[in-house]
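Chemist: Below are the sequence and a predicted model for it; my questions follow.
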Amino acid sequence: MVVCAVFGTLCHSPAVRAQTSPFDTFFGEFNGVAIWTSLGMSVPHISTRRIDLPYLESSPVRYGFELLLGPYPSAPDTPELDKAERVADSLRARIEYLRYEAEQGADTAMVNVAASAARKALEGAERRVEILQKIADENLPTLQVDLGVGFEYTDSFRPFSPDYSIKMPVTGLYVSAYVSTDFASWDDGSAGIYIGGNVGRFELNEAAAYAASGGAEYEVSASTYAFEPILGCYLYYASGRVSPFLELSYKYLAFDAVHYRDIAGGGPALGAPRRLDLSGVYLTLGLQMAKK
């Protein structure tokens, strides 16, 4: 599903910064990147015109990546928690320094007293961080919205046609939105569910058709819009900022005006499908990597 973006370095003058602030705000919500793959199953269609709605010879496999923005609303600022974490970090650095002094032969008694006081202070700081973190977690929004921009590719579509062998790589760009909520949480992560979907523009990419009788070859072209409702679940691990996810979806993808251009002297592509309905149910497995 996903999109890729390349960010340039902004100038530092106040005038330029003021002009680019909307972009800073937008990309400041960049949350991470997701990569995914999915296996599909075509849905049989009932039609008296077999030529218009071909079956697929095999299950399509898709690949994609997605740039994610959000979540909205974002977590509230926690300056007290940030300050408590800085205090704990400084105490840990102090203890490491005292350990280094002891190794270099400093006064052992004085070092031990200072280290003991630092360790007690660190225990208190860590308890404060834990309490403030719990309060921050309790104040997180129950429902969150994530937005995405993605790219999708598959070369596994093989529509069945008695007179032609058709190779159909498909590429597309899409935008997506998801509403998620946690249903379980623990110290280092959480599990949740989400619903959402995407809509985008797709086209045949270097598709080709070959006459079963041999000799004739055609360039196939078409483009369309598609949409895909999604139901998914995820696991989130705060230590690694990663979230494996699993989705079940239905993608409506139909090319209503397929064009065949003769490139091997075969004449008009008589009997070739003029409408290609590649809709299907998909099971998707992916991994989201959050911004550090």
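Modeler: Thanks, I have it. Numbering: from 1, shown residues only.

Chemist: can you pull the contacts of the residue lying closest to Tyr237 once chain neighbours are set aside?
Modeler: The spatially closest residue to Tyr237, leaving aside those adjacent along the chain, is Gly189, at 4.4 Å (CB to CB, 6 or more residues apart in numbering). Every residue, glycine included, has its C-beta placed from N, CA and C. Gly189 sits next to 235-239 when contact means CB atoms under 8 Å, 6 or more residues apart in numbering.

Chemist: Now, the residues you listed that are in strands?
Modeler: Cross-referencing the contacts of Gly189 against strands under DSSP state E gives 235-237.

Chemist: among these, which ones are buried?
Modeler: Members of the ones in strands among the contacts of Gly189 that pass the buried threshold by neighbour count (16 or more other CB atoms under 10 Å) are listed as Tyr236.

Chemist: tell me which of the ones in strands among the contacts of Gly189 is nearest to Ala34?
Modeler: Taking CB to CB as the measure, Ala34 sits nearest to Tyr236 out of these, at 12.6 Å.

Chemist: If I follow the layout properly, that closest one ends up in contact with Asp188?
Modeler: No: the pair Tyr236 and Asp188 does not pass the contact test of CB atoms under 8 Å, sitting 9.2 Å apart.

Chemist: Quick one: list the elements packing against the top helix by length along the chain.
Modeler: Secondary structure of the chain per DSSP state H: the longest helix is helix 108-138. Contact partners of helix 108-138 among helices and strands, from 3 or more CB pairs under 8 Å, 6 or more residues apart in numbering; DSSP states H and E: helix 79-103.

Chemist: Enumerate the positions of the helix it packs on that are buried.
Modeler: The neighbour-count check on helix 79-103 (16+ other CB under 10 Å) flags 81, 84-85, 87-88, 91, 94-95, 98, 101-102 as buried.

Chemist: residue contacts, the residue nearest the centre of the chain?
Modeler: Among the residues of the chain, Ala34 comes closest to the average C-alpha position under CA atoms, centre = their mean, at 2.7 Å. Each residue near Ala34 by CB under 8 Å, 6+ apart is listed here: 1-2, 65-66, 68, 148, 150, 245, 286-289.

Chemist: Same check on Ala272?
Modeler: In this structure, Ala272 makes contact with 51, 161, 163-164, 166, 209, 218, 258, 260, judged by CB under 8 Å, 6+ apart.

Chemist: Which among the residues you listed count as buried?
Modeler: Buried positions within these, assessed by neighbour count (16+ other CB under 10 Å), are 161, 164, 166, 209, 218, 258, 260.

Chemist: Show me the shaky parts of the protein.
Modeler: For the chain, the stretches flagged by pLDDT under 70 are 1-29, 42-58, 73-77, 136-141, 291-292.

Chemist: Run through the strands of it in chain order.
Modeler: Chain-ordered strands for the chain, with DSSP E as the definition, fall at 30-42, 61-72, 144-157, 164-186, 189-204, 207-211, 217-221, 223-237, 242-251, 254-255, 259-262, 276-277, 280-290.

Chemist: helices or strands up against the third one?
Modeler: What that stands for is strand 144-157. Judged by 3+ CB pairs under 8 Å, 6+ apart, the packing partners of strand 144-157 are strand 30-42, strand 61-72, strand 164-186, strand 189-204.

Chemist: Could you list the paired strands of the last one along with their orientation?
Modeler: In other words, strand 189-204. Take DSSP bridges as the rule and strand 189-204 pairs in its sheet with strand 164-186 (antiparallel), strand 223-237 (antiparallel).

Chemist: hmm, back to that, quick check: of the buried residues of helix 79-103, which lies closest to Ser249?
Modeler: Top of the list for closeness to Ser249, among those and by CB to CB, is Leu81 at 37.3 Å.

Chemist: Tell me how many other residues crowd the nearest residue to the closest one once chain neighbours are set aside.
Modeler: Using CB to CB, 6+ apart and skipping residues adjacent in sequence, the residue nearest Leu81 is Leu132, 4.2 Å away. Taking other CB atoms under 10 Å as the neighbour definition, Leu132 ends up with a count of 17.

Chemist: Thank you kindly, that will do.
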